[in-house]
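Chemist: Give me a 3D structure for the following:
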Amino acid sequence: MKTLRALSVLFCLMWTASAAAQVPLTPPVAATSPAPSAVKPKAKPHAPKKPVAAGASPKTTAMPGRPAPTVTTAPAPDDAGADLVFGAYQRGMYKTAFDLATKRVQETGDPKAMTMLGELYANALGVKRDEAMAADWYKRAAAAGDREAMFALAMLRLAGRGGPVNHEEAAKLLASSAKLGNPKAAYNLALLYLDGQSLPQDVKRAAELFRVAADAGNPEAQYALATFYKEGTGVPKDIDKSVRLLQAASLAGNVDAEVEYAIALYNGTGTPKNEPAAVALLRKAAKQNSPIAQNRLARVLVSGQGVPTDIIEGFKWHLVAKTAGKGDPDLDEALAHISPEDRAKAEAAARRWLGSK
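Modeler: Numbers count the residues shown, from 1 in each chain. Model prediction:
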C-alpha cells in the first residue's frame, strides 16, 4: 500500500493543478429524437450547446454522459377550455387532447390549441407523425401570437423538418418568441449569435440573451453564462458570478454544472471549500453517467482526499469512465499496483454497473 499512499499525494496535487483545465467548458451535446440539424459552433468562443429540439418526446431520456435535453412542452392553459386540453395531454390521453384541441380551434380559433395540435403531430402522440401538418399548425398559432408555437416552428425550420431549412425565418421566430418572454427561445437565439452562421457572430448579444434565459431559471442558459463569466467571453471575467450560476444550474439538475460546481467546491474557487459536498455532487453526477465526474470521483476515492479511501469503488469508477473514453494513465498505473483480489473486485463492480445501465 506504500504505492497508493505516495500516489495519494500526487493525485491531490494534480487535482488542484489540472482538474479545472481538464473539464471541458463546452457542455456535451444533447441528443433528441427526432432532432434538428446541428448548429456547428466555431472554435472560439466556445458554444455551450446545440439548439434544443422542438417536438421531442416527453419521455426523452439523457444520453450517457450528457445532460438531459430540454423538452418542448405543450402550452400552459389560460382558461377552463384550454385546461381540459392541457390536462388530457399531461395525463397521456393524447387522442382526447387531439379531439378537444381540434374542437377548440373550430369553435374559438384558440392559438394554444393550435400549438397543441402541432405538438401532437410532431411527436406522433395520438395521431400519425406528420411534420408538415405540425409546421402548419405551429405557423398558424405563431401568426396568432403564441410564443411556444414560434419557438417550435423555429426549431423545425432549423432542422428542415416539415419544410426546407430556413435559418433566417428561424432566427426571426426565435427573436419574436424571446421578446414574449420564452427563455428557451432566448437561449437558442443566443446560440445562433454565438455560432455566427445564421446571424452575425456577437458574443455580447449572446451573453445578454443567456442572461435573460438564466434569470428565467433555464439551467442550460445558467451553465452557458457561467462558462462565459469563467472565460470572460462577452462579459467581464468574474469567477464568483460563474460559480453562483453553476450552483443554480446544478440545483436544477444540469449534470455538467454539477461537475464544475463540485470542482469549485473541492478547490474552494469562488465559494467556500467544502470537500464532502463536492464529493457528494461528483457521486451524483457519476451515477448520471458523466465520465468526467466518474473520473474525478475515482481520483478522490483512491487518494482518500475529502472522503474515506475506497480502492474498490474508486477503481470501479475509473474503469467505467475509461469505457466512455475518459482514460487516466495515473489511475491505470495505480491500478496495476493493487492486489489481484482487489483488482478483480473492482472489475466485477464495473461490469455490474455497465450491465445495469
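Chemist: going forward, measure contacts between C-alpha atoms and count neighbours the same way
Modeler: OK.
Chemist: For the one helix or strand residue 224 maps to, give the mean pLDDT please.
Modeler: Element membership for residue 224, per DSSP states H and E: helix 219-231. When pLDDT is averaged over helix 219-231, the result is 98.
Chemist: Restricting to C-alpha, output it in CSV.
Modeler: Output for helix 219-231, consisting of C-alpha atoms alone and laid out as CSV, is shown next (Å, rounded to 0.1, in the frame of the first residue of the first chain):
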residue,chain,number,x,y,z
PRO,A,219,-30.4,25.7,-16.3
GLU,A,220,-28.7,25.3,-19.7
ALA,A,221,-28.5,29.1,-20.0
GLN,A,222,-27.2,29.3,-16.4
TYR,A,223,-24.5,26.9,-17.3
ALA,A,224,-23.6,28.6,-20.5
LEU,A,225,-23.5,32.0,-18.8
ALA,A,226,-21.3,30.5,-16.1
THR,A,227,-18.8,29.5,-18.7
PHE,A,228,-18.9,33.0,-20.2
TYR,A,229,-18.0,34.5,-16.8
LYS,A,230,-15.4,31.9,-16.2
GLU,A,231,-13.7,32.7,-19.5
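Chemist: what about the residue nearest to residue 320 when sequence neighbours are not counted, is that helix, strand or coil?
Modeler: Leaving aside its sequence neighbours, residue 320 sits nearest to residue 350 (Cα to Cα, 6 or more residues apart in numbering; 5.8 Å). Here residue 350 takes the helix state, with states given by DSSP: H, G, I helix; E, B strand; the rest coil.
Chemist: so how many other residues sit close to residue 350?
Modeler: 22 (other Cα atoms under 10 Å).
Chemist: got a list of what it touches?
Modeler: 316-317, 319-320 (Cα atoms under 8 Å, 6 or more residues apart in numbering).
Chemist: Sort out which one of those lies nearest residue 111 for me.
Modeler: Among the contacts of residue 350, residue 320 lies closest to residue 111 (Cα to Cα), at 48.2 Å.
Chemist: and after the helix or strand the closest one falls within, which helix or strand comes next?
Modeler: When secondary structure is defined by DSSP H and E, residue 320 falls within helix 311-323. Stepping forward along the backbone from helix 311-323, the first helix or strand reached (DSSP H and E) is helix 329-335.
Chemist: now that following helix, how far from the chain's geometric center?
Modeler: On the basis of Cα atoms, centre = their mean, to the nearest Å, the separation between the geometric centre of helix 329-335 and that of its chain is 31 Å.
Chemist: what does stretch 234-243 give?
Modeler: From the chain centre to the centre of stretch 234-243 is a distance of 20 Å (Cα atoms, centre = their mean).
Chemist: distance between the ends of it?
Modeler: 17 Å (Cα to Cα, to the nearest Å).
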